[in-house]
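Student: whatever this is, show me its structure:
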Amino acid sequence: MPRQTFRSTFTRVLCGIVWAINAVVAIGLLVTPGATDAPALVVVGALGAAALVTGILWSPSVTVDDEAVQVDNIVLRYRVPWAALIHVDTRYALQLHTPGRRISATAAPAPGATGSLRAARAHRRSEDPSAAQLRPGELPGTDSGRAAELVRARWYALRDAGRIEAGIAETVRVEPAVRVDNLLLLVAGAAGLVAAVVLG
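Tutor: I've put the predicted structure just below:
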C-alpha cells in the first residue's frame, strides 16, 4: 500500500495565507521606490519568516506506511512500528500508545468547543447511527479524527492480512529522534528575521 501523510487542514490553509501575505509585503517593499535602502534584507527577512512558518506550522505530520506510523512534531520524530502499537486515542490530540510511551501528534489536535459542535452537526447529518457515541476528537470532520482513521485503517488492514506480529509490543523499542533538519530550518528562519529587523 502507498505511503500516506496527514497534515492539519487548518494549518495548511494558515500556511498558505501567511506565505501569501509575506510575499505580498516583501514584493511591495521591493518595488516601491524609497521603501527600503536594503533590498537584500527584505529578501532575507521574507525568507526567514517563510522558513519559520514552514517549520512550525507545515512540518508537523503523521505518516503511515506498511512498516510503521511516523509522527513528526516540531522538534521530535517518532517512528512506531506497527507491532509496538497497542492503542490509538484522540482525547487531546491523536495519541499513539505503546507499552512504555504515549506519543501525541502536533499535526492532529482534538477540536475545541466550536470545532466539536460544527463537526458533530455535520456528522449527525451524515445519517451515521454511531454519531452520538463518538467523542469530539473521533469525529471524522476533525484533524484528530481524520488522522486516527488514517492510522487505524492501515493498522487494521495489515493486522487482518497477518503482516503484524502479535504479542511482541513490549520488546519493540520506540525512541524519539531529534528533527535536526527542522531545527536548522527554524534557526535559519529566526536568524534571517532578526537580521532583517535589527539591520533594517
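Student: remind me, longest helix of this structure?
Tutor: helix 9-31 (DSSP state H).
Student: who are the packing partners of it?
Tutor: Secondary-structure packing of helix 9-31 (3 or more C-beta pairs under 8 Å, 6 or more residues apart in numbering; DSSP states H and E): helix 39-53. From N, CA and C alone the C-beta is placed, and that goes for glycine too.
Student: avg pLDDT for the helix it packs on?
Tutor: Mean pLDDT, helix 39-53: 93.
Student: what does whichever helix or strand comes after that helix rub up against?
Tutor: For helix 39-53, the following helix or strand on the C-terminal side (DSSP states H and E) is strand 61-64. Residues outside strand 61-64 that contact it (C-beta atoms under 8 Å, 6 or more residues apart in numbering): 3-7, 69-72, 94, 105, 107-108, 147, 150-151, 154.
Student: try 10 Å
Tutor: 1-8, 11, 69-73, 77-80, 82, 94, 96, 105-108, 143, 146-148, 150-155, 158 (C-beta atoms under 10 Å, 6 or more residues apart in numbering).
Student: of those residues, grab the buried ones for PyMOL.
Tutor: Command for PyMOL that selects the buried part of the contacts of strand 61-64, burial taken from 16 or more other C-beta atoms under 10 Å:
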select buried, resi 6+7+8+11+69+70+71+72+73+77+78+79+80+82+94+96+105+106+107+108+143+146+147+148+150+151+154+155+158
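Student: mind listing the helices for the chain?
Tutor: Using DSSP H, the helices found in the chain span residues 9-31, 39-53, 113-125, 143-160, 180-199.
Student: distance to His87 for those - can I get that in TSV?
Tutor: Below are the helices of the chain laid out as TSV (distance: least, C-beta to C-beta, whole Å):
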stretch	distance to His87
helix 9-31	25
helix 39-53	33
helix 113-125	22
helix 143-160	10
helix 180-199	27
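Student: looking at those, which is closest to Gly167?
Tutor: helix 143-160 (12.4 Å; C-beta to C-beta).
Student: extract the CA atoms of stretch 72-80 and return them as PDB.
Tutor: C-alpha atoms of stretch 72-80 as PDB (Å, rounded to 0.1, in the frame of the first residue of the first chain):
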ATOM      1  CA  ASP A  72       6.800  14.300  13.000                       C
ATOM      2  CA  ASN A  73       6.300  17.000  15.700                       C
ATOM      3  CA  ILE A  74       8.200  20.300  15.500                       C
ATOM      4  CA  VAL A  75      11.300  19.100  17.400                       C
ATOM      5  CA  LEU A  76      11.000  15.300  17.700                       C
ATOM      6  CA  ARG A  77      10.200  12.400  15.300                       C
ATOM      7  CA  TYR A  78       8.700   9.100  16.500                       C
ATOM      8  CA  ARG A  79       8.600   6.100  14.300                       C
ATOM      9  CA  VAL A  80       6.300   3.500  15.800                       C
END
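Student: how distant is it from the center of its chain?
Tutor: Remark: stretch 72-80 is offset 10 Å from the chain centroid, using C-alpha atoms, centre = their mean, to the nearest Å.
Student: have a look at this protein and report its longest strand.
Tutor: Counting residues, the longest strand in the chain under DSSP state E turns out to be strand 101-109.
Student: could you list the low-pLDDT ranges of this protein?
Tutor: Applying pLDDT under 70 to the chain flags residues 35, 112-135, 200.
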